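In: give me a 3D structure for the following:
(2 chains)
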Amino acid sequence: MSLEFRTLQPAQYVRKHIEAGFRPDGRKLSERRPVSISSGHIKSADGSAIVRQGNTTVVCGIKLELSKPATEAPNTGFIVPNVTLPAMCHPSVKSGPPSADAQSLSTFIKEVIESSQLIDPADLCPIPSKAAWVLFIDVICLDHDGNIKDAAVAAVVASLRSLKLPRVEYDSDMEKICVTSDFVELSLRDLVVSSSFAVLDVGSVNLIADPTWEEEERVDSTITLVLFESGDICLTAHSGGLPISQQTLQSAMKLATTQSKEVLKALKLLK
Amino acid sequence: MQASASLSFTRPNRSVKPLIEGPLQGILAPNNPKRLDGRAFENVRELYVQTRIVHESSGSCYLQSANAKVIASVDGPRPNRYAYERGDITCDFRFAPFSAATRRSTRRSGEEREYSSMVTQALLPSLHLDKIPKSSIDVYISVIEADGTIACVASAITAASIALCEAGIEMDGLTVGCSAVRAGGRICVDCTGVEEKNVEGYLLLASMPRLKKVCNIVHVGPWEADDVTHTVELLNEGCEVIEDFVAQRLRERLELQGR
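Out: Alright, predicted model coming up:
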C-alpha cells in the first residue's frame, strides 16, 4: 500500500491491513515482535536493563538509597517507580513536565510491583526501625514504537533480577549503620510478563498483539495482561472506548499465556 | 496471600546514598605515572559510535566512550513561524537519574540547563541557520551513564553533531568535543568520574578538526596561561583523533547504504 495512503489516512491504512488478517509490518495479528533483553551494563546504576521490542527501546536503571523506615511501617522498605517519555522518543512527544501517558505508565509499573508481590518487604529493611532501602526504579523510553507497557515491565523485572543489595550492619554500641561491600542478590518471588493487545472492531473484534505506535494510535481499545510464570494473572488493565466480551478476554488470556513463554526464556537467560 | 507488611510506594522524606566501606578508589595522584585504565595522560578513551538508534527521529547517534553512554537525537528542521530570518536550534541535555553515583532528580536542573547551552554554543559555528529560515531544530541528548561529567558534555557535542549529520542538516564540518582537567598540577585529557574528583578546574574544547577551527572553549579554574595554551593544543589533537574515527565510521555506513 502506498506511502501517501499511509500518511494521509493512517486509520484506514491500519484497518485495511487488519481486515486482510495481517499488519503493516507483515506480522500476523497474534504475533509479537522479537524481544531482546540485556541487563547489568550500566555500571552507575545498582541494577539495570535494556529491552528492545522491535523499534521500541526502553532502559531501566535502579538506584539504591538508605532511609529510616516509616514509623508506622518499621519493617518495610520503599520502592519509587517512575517512567519517563522524553521528547526524543517520538516526534509527537513534547518536552516538559511528565505527560498523562508517562504518569499512567508510572502508576502501571507501581501496580505491577504491588500486585505481583515480587519483592519481600523484609528484604528491603535490613535493620528494622533503623535502616530501610529505597529503590528508585527509573524507566526511560528511548524509542517509542508502541507497547511501552510490556517493554517497561520486562525491563523492570530484568533490572530487579540484576540488582545486588549491600549487606547492612548495625553497631548498637556506637549506634552506627555500616554498609558493607558484601553484596547479596535480591531474590524475586516470581517472574511476571506483560502482554498487551490492541482491540479493533472491523465487523468482528480483532486482538492485535504487541501493537506498534501506528497501530496503538488508531485502535478502539487496549488490554494488558500481566501474568506470572505459572500462568496465574497478576494484573489486568483495559483502557479505551470499546466494551470487551468474555470471549475476547478469554482469547487474550490464552494468547498471553503462550506469548509470555518467550519473554520468560529471555529473562531467565540473563542469569 | 497478603504479605504481613507491604511495601511503601511513596518516597521517604529523606534518603541518602549508601557509603560503602571499602578501599578508597584510586584518585589521580601527582606522582602516578599512569592512569587507572592504563592510558597516557593525553589520550582519549576508546569510542563506539552507532547511528539510527531512534527510528522516528531525523537523525540519531549512540556514542560510548569506555563506560560513558550518550544518546543524541535530532528532530527537524520543523516549521517554526517565530524564527524569521534564521533557523533556531535548541538542545535539551538530560542526565538519566541512574547515570551517576548519586541519583539525579527527574526535574531539569540548572546544571543541565548550563550544559544544554554549552552544547548549543558548540554546534552553532558549524551550522548555516540562515539557510533554514522559519524552521527550528531540536537536539535531544540523554546521558545514560556518565563517567566524568565534563567528558560527557564533550561526548554529547560529538554525538549531537553526528546526529545532525545523519539528519542531513547542512554543516561546515563535524564538531567534536574534548575535555581536560587539571589535578595536582597535571593536565589530564578525557577524565573518568573517579579521576574528576578534587580537580583544579576543567577546559572543554569543541572544534571542527577537518577545518582546523575551534568552535567553543569553556574554561573554569585558575590556571597558568601556559597551562591553558598547552591544554588547548592537547585537546585539538584529541579532537583530531576522535574526528578521524567518527568520519571513518560515517563513511563506512554511507558506503553500506550504497550512497
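
In: so what secondary structure elements neighbour the helix or strand containing residue A:134?
Out: Residue A:134 is part of strand A:132-143, with elements assigned from DSSP states H and E. With contacts taken as 3 or more C-beta pairs under 8 Å, 6 or more residues apart in numbering or on different chains; DSSP states H and E, strand A:132-143 sits against strand A:56-67, strand A:78-84, helix A:100-116, helix A:148-161, strand B:135-145. Heads up, the C-betas are built off the backbone N, CA and C, glycines and all.

In: and the ones you listed, which is most packed in?
Out: Using mean count of other C-beta atoms under 10 Å in any protein chain shown, the stretch among the helices and strands packed on strand A:132-143 with the largest mean neighbour count is helix A:148-161, at a mean of 27.

In: what's the angle between it and strand A:78-84?
Out: Between helix A:148-161 and strand A:78-84, the angle formed by their directions is 140 degrees, by axes from the mean of the first three to the mean of the last three C-alpha atoms, to 10 degrees.

In: so what's the residue of the stretch 101-250 of chain B found nearest chain A bridging to?
Out: Nearest residue of the stretch 101-250 of chain B to chain A: residue B:140, at 3.6 Å (C-beta to the nearest C-beta). Beta-bridge partners for residue B:140, by DSSP bridges, are residue B:73, residue B:92.

In: let me see the confidence value for it.
Out: Model confidence at residue B:140, given as pLDDT, is 97.

In: please tell me how far it sits from residue A:88.
Out: As judged by C-beta to C-beta, to the nearest Å, residue B:140 and residue A:88 stand 4 Å apart.

In: which neighbours do those two share?
Out: Common contacts of residue B:140 and residue A:88, defined by C-beta atoms under 8 Å, 6 or more residues apart in numbering or on different chains, comprise B:73, B:75, B:92.

In: top of the residues you listed by neighbour count?
Out: Neighbour counts for these peak at residue B:73, which has 30 neighbours (criterion: other C-beta atoms under 10 Å in any protein chain shown).

In: residues in contact with that residue?
Out: A:88, B:53, B:54, B:57, B:59, B:60, B:61, B:139, B:140, B:141, B:142, B:163.

In: let me see the contact set for the fifth one.
Out: Spelled out, it's residue B:59. Contacts of residue B:59 (C-beta under 8 Å, 6+ apart): B:51, B:73, B:74, B:162, B:163, B:164, B:165, B:166, B:167, B:168, B:169.

In: is it fair to say the fifth one lies in a helix?
Out: Translated: residue B:163. Yes: applying DSSP: H, G, I helix; E, B strand; the rest coil, one finds residue B:163 inside a helix.

In: chain neighbours aside, what residue packs nearest to the closest residue to chain A within the stretch 51-200 of chain B?
Out: Nearest residue of the stretch 51-200 of chain B to chain A: residue B:98, at 2.7 Å (C-beta to the nearest C-beta). Nearest non-adjacent residue to residue B:98, counting by C-beta to C-beta, 6 or more residues apart in numbering or on different chains: residue A:61, 2.7 Å away.

In: swap in residue B:108?
Out: residue B:94 (7.1 Å).

In: what of residue B:174?
Out: residue B:161 (5.2 Å).

In: pretty sure the one you found contacts residue B:172?
Out: No: counting by C-beta atoms under 8 Å, residue B:161 does not reach residue B:172; the two are 10.8 Å apart.

In: which residues sit in contact with the residue of chain A found nearest chain B?
Out: Nearest residue of chain A to chain B, counting by C-beta to the nearest C-beta: residue A:61, 2.7 Å away. With contacts defined as C-beta under 8 Å, 6+ apart, residue A:61 is in contact with A:42, A:44-45, A:47-48, A:137-138, A:140, A:159, B:96-99, B:144.

In: so what pairs up with it in the strands?
Out: Those that pair with residue A:61 in a beta bridge, by DSSP bridges, are residue A:48, residue A:138.

In: so what pLDDT did it get?
Out: 97.

In: from residue A:45, how far out is it?
Out: Taking C-beta to C-beta, one finds residue A:61 at 4 Å from residue A:45.

In: which residues are in contact with both of these two?
Out: Here residue A:61 and residue A:45 have A:159, B:98, B:99 as joint contacts, going by C-beta under 8 Å, 6+ apart.

In: which residue is nearest the middle of chain A?
Out: residue A:153 (1.8 Å; C-alpha atoms, centre = their mean).
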